[in-house]
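Novice: how does the following fold in three dimensions:
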Amino acid sequence: MSKDSRTEDFYTDCLTRVYIMGVLNVTPNSFSDGGKFYSPEAAMAHAIQLKEDGADIVDVGGESTRPGADPVSLQEELDRTIPIIEKITKSLDVLISIDTYKSKVADEAMRSGAHIINDISGLTFDHDMIATAVQHDAALVIMHIKGTPKDMQTNPQYGDAVSEIKTFLFHACEKAKKSGIKKIIIDPGLGFGKRFEDNFLILNKLEQLKSLGYPLLIGSSRKSYLGKPFDAAPLDRLEGTIVSNIIAMQKGANILRVHDVKSIRRAVTIAEKIMNP
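Specialist: Reported below is the predicted structural model:
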C-alpha cells in the first residue's frame, strides 16, 4: 500500500474507530521521559516496543514542549527526528506522526515517510505549515495553545475555556480547508495554556468540540493536572491517564496520544466490549 493511500485509509477510519498514538520523544528534556530515548538505538528500540504494545501511530518529537521549555534550533530538531523516522519507515508497519510546529521539519519528515503532521501551535507559529501540509497531502493535527511552551502556563485566563477553544479550532480549520488541506484532526491542547480546572472541564465537554465534525485527538497522558490531586510524579499518573482517556473515548475521541501504550490499549479493548457488547 502506498503512503498516500495509507494516510487516506487512516483518515477515513478515524471517525469509526479508536487509534492509539504512542509517544516517542527524541529529546533530552521532555517532562516525563526526557533523555530516555535520546540515542538512535534507544529511540528505535522504543518505537518497536510501542508497536508491539499496540500503537497504531508513533508520534516522533524532537523538541520538548513542556511548560517553560526553550525552543531548539531547526537543525537540532532535524538531526533528532529525521534519522529515526527513516528507520521506522524501513523497519515497522506503523503510521508515523511528526510532532513539530516548524514547516521545514514537517517537510523533511513527510519526505522521509511520515503520514501525519502534529502541530501544537494550531498553525500559528509557522505560516508555511499550511503549504507544507497541502504539498504532501498530509493528515494535519491542529491543536489549541494559548501562548508558547515557554510562557503558556504563566497565568492563562479564559472566560469560557471550551467556547474559546472551539472558536479557535473552527477558524483554524476553516483556514486550513480553504487552503486545500483535506485531512484535518483537532486537539484541544490539554495542559497547553490551561488552568488546572480547565483541563477537566474540556474533557467533560468534549462533545462540544466533536460537533465541529473532525476527528478528535486527545493528549491526556501523564499530564500535571492528573497528578495534582495526589501530588503524583509523571510516572505515577497511570490511573488518571487511563480514566481520562477512556472517558475521552466515550465522549468521541478518535486518537489517544499516550506514553503507556499497552495499558491504554488493554483499557480501550475492555471499554469497547462494555460499550458494544
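Novice: from here on, just use CA atoms for contacts and neighbour counts.
Specialist: Noted.
Novice: residue 115 is in contact with residue 7, correct?
Specialist: Yes: using CA atoms under 8 Å, residue 7 makes contact with residue 115 at a distance of 5.9 Å.
Novice: those two: who's more crowded?
Specialist: residue 115 (26 against 21; other CA atoms under 10 Å).
Novice: just confirm the more buried one contacts residue 108, I think it does.
Specialist: No: using CA under 8 Å as the test, residue 115 is too far from residue 108 to be in contact (11.6 Å).
Novice: which residues do residue 7 and residue 115 both contact?
Specialist: 138, 139 (CA atoms under 8 Å, 6 or more residues apart in numbering).
Novice: could you check the pLDDT of the residue lying closest to residue 59 once chain neighbours are set aside?
Specialist: Leaving aside its sequence neighbours, residue 59 sits nearest to residue 97 (CA to CA, 6 or more residues apart in numbering; 4.5 Å). On the pLDDT scale, residue 97 is placed at 99.
Novice: what strand or helix carries residue 97?
Specialist: Per DSSP states H and E: residue 97 is located in strand 95-99.
Novice: quick one: distance of the helix or strand that that strand is followed by to the chain centre.
Specialist: Note on strand 95-99: by DSSP H and E, the next helix or strand toward the C-terminus is helix 103-111. The chain centre lies 16 Å from the centre of helix 103-111; the measure is CA atoms, centre = their mean, to the nearest Å.
Novice: can you pull out the helices in the stretch 51-200 of the chain?
Specialist: Secondary structure of the stretch 51-200 of the chain (DSSP state H, counting those that start in this stretch): helices at 74-91, 103-111, 129-136, 161-178, 196-204.
Novice: tell me the SS of residue 257?
Specialist: strand (DSSP: H, G, I helix; E, B strand; the rest coil).
Novice: meant to ask about residue 22, not that
Specialist: Under three-state DSSP, residue 22 falls in the strand class.
Novice: give the rounded mean pLDDT of stretch 222-236.
Specialist: Computed over stretch 222-236, the average pLDDT equals 94.
Novice: how far out from the middle of the chain is that stretch?
Specialist: That offset, for stretch 222-236, works out to 19 Å (CA atoms, centre = their mean).
Novice: could you check the pLDDT of the residue located most distally from the centre of the chain?
Specialist: Distance from the centre of the chain peaks at residue 277, with 29.5 Å (CA atoms, centre = their mean). As summarised for this prediction, residue 277 has a pLDDT of 90.
Novice: and it, how far from residue 269?
Specialist: 12 Å (CA to CA, to the nearest Å).
Novice: then residue 70?
Specialist: Per CA to CA, residue 70 is found 38 Å from residue 269.
Novice: now residue 21
Specialist: Residue 21 sits 15 Å away from residue 269, going by CA to CA.
Novice: higher neighbour count, these two?
Specialist: residue 21 (26 against 12).
Novice: for the residue nearest to residue 59, give me its contacts.
Specialist: Taking CA under 8 Å, 6+ apart, we find residue 97 in contact with 57, 58, 59, 60, 114, 115, 116, 117, 118.
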